[in-house]
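Undergrad: Let's see this in three dimensions:
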Amino acid sequence: MPSHRPPTFLLASPEPSLLTAIEPMLLAAGAHVDVVLTAPAALAAVTAANPPDLALLDVRLPGMETAHLLAAARAETGAQTLPILLIADHVSQEWLDRLAEGVIDDFILRASEPSYWQIRLDLALRTHRLVHELEALREASTRNAQLDRLTGVFNREALLALLFRETDRVQRMNGSISLVLFDIDDFGHWNMRLGMDACDELLCQVVRRTARLLRSYDLFGRPGMDEFLVGLPGCAIVTAVTLAERLRLEVFSTPFRVAGESIRLSACFGISTSQGRSPVVVLREAEQALQWAKAAGPESIQTFGASAHPAPAPVTFLSGTSGDELLAW
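TA: Predicted coordinates for the structure are as follows:
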């Protein structure tokens, strides 16, 4: 959502008469105004941790050449692209060149009528609002592209990107990241019995219950229809197993209420740990552990690399010597 805070304008001029004329216009337009009287003070303001939304810089500011002030301001603000309007005495080729180069965004002649000042300042305020609204929409679009539309948690692509970033971080810190992949048992049955809308609500309830058990920096997403992944930075595999047990108990042991019914769900859990390896490899290991858990039965927890995964089912074959049916693993 766009921000509703008033914009902050920097008004930098040594002339009391100009300050007296311009500051009330900015205030009347709904802006917060910071006034400075020298070029070094203006430079400090535009390069501060919380810079103004727009700067009005007078070419008569003492303490530094205007060209040096503009160059230093642009060098420091960089990608922030702070809008700068220059208060000039006349139209010069220098200021036209700076405007064409993007060093300044506009300039206003000092001798302009108050009505002209009002028009240009109103335009600057509208431009400021539009730019911020556009940035907010762009951020919202980027954020929505990373999220599962139904549940609001990360989708598979965003999860992989975040896991790569976390893997780089834990490699530098000589740590690990563990994955807990869980899948709701026999969810297709509930889809047929309750319908898609009710099952969508079930998935959202699972997400809300799960999120309450996670730390603020844990990763949580929905890589499949009824499949969810939790990434646990800095956690050893024993901690991931403990979380899986808590999920089994605190998320799935209590019935869900949906469509006027009380529904008891269960899930199987597959766990793996990275130790700095590629997230793609570790995710495949979690998927393999989840398959072992499904083979072991509902509510099972399996860890990749442990010996607890279920043994393969016996295979019947016919003995070539006795003719008897034998079982083998």
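Undergrad: ok, now how distant is Thr20 from Ala211?
TA: 55 Å (CB to CB, to the nearest Å). Where you see a C-beta, it was placed from the backbone N, CA and C, and this is true even at glycine.
Undergrad: So which of those two has more stuff around it?
TA: Ala211 (15 against 9; other CB atoms under 10 Å).
Undergrad: so what's the more buried one up against?
TA: Ala211 makes contact with Val153, Phe220, according to CB atoms under 8 Å, 6 or more residues apart in numbering.
Undergrad: With Glu245 instead?
TA: Applying CB under 8 Å, 6+ apart, the residues contacting Glu245 are Ile301.
Undergrad: is it true that it lies in a strand?
TA: No. Counting by DSSP: H, G, I helix; E, B strand; the rest coil, Glu245 falls outside a strand, being helix.
Undergrad: quick one: buried residues of stretch 158-177?
TA: Ala158, Leu159, Leu160, Leu162, Leu163, Glu166, Thr167, Val170, Gly175, Ser176, Ile177 (16 or more other CB atoms under 10 Å).
Undergrad: Export only the CA atoms of that stretch, formatted as PDB.
TA: The C-alpha coordinates for stretch 158-177 follow below in PDB (Å, rounded to 0.1, in the frame of the first residue of the first chain):
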ATOM      1  CA  ALA A 158      10.700 -18.300  -4.100                       C
ATOM      2  CA  LEU A 159      11.500 -21.100  -1.600                       C
ATOM      3  CA  LEU A 160      14.400 -22.300  -3.800                       C
ATOM      4  CA  ALA A 161      15.800 -18.800  -4.200                       C
ATOM      5  CA  LEU A 162      15.600 -18.100  -0.400                       C
ATOM      6  CA  LEU A 163      17.200 -21.500   0.300                       C
ATOM      7  CA  PHE A 164      20.100 -20.700  -2.000                       C
ATOM      8  CA  ARG A 165      20.600 -17.400  -0.200                       C
ATOM      9  CA  GLU A 166      20.400 -19.000   3.200                       C
ATOM     10  CA  THR A 167      22.800 -21.700   2.100                       C
ATOM     11  CA  ASP A 168      25.400 -19.100   1.100                       C
ATOM     12  CA  ARG A 169      25.000 -17.500   4.500                       C
ATOM     13  CA  VAL A 170      25.300 -20.700   6.600                       C
ATOM     14  CA  GLN A 171      28.300 -21.700   4.500                       C
ATOM     15  CA  ARG A 172      30.100 -18.500   5.600                       C
ATOM     16  CA  MET A 173      29.100 -19.100   9.200                       C
ATOM     17  CA  ASN A 174      30.000 -22.800   9.000                       C
ATOM     18  CA  GLY A 175      26.500 -23.700  10.000                       C
ATOM     19  CA  SER A 176      23.600 -25.700   8.500                       C
ATOM     20  CA  ILE A 177      20.000 -25.400   7.400                       C
END
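Undergrad: All set, thanks.
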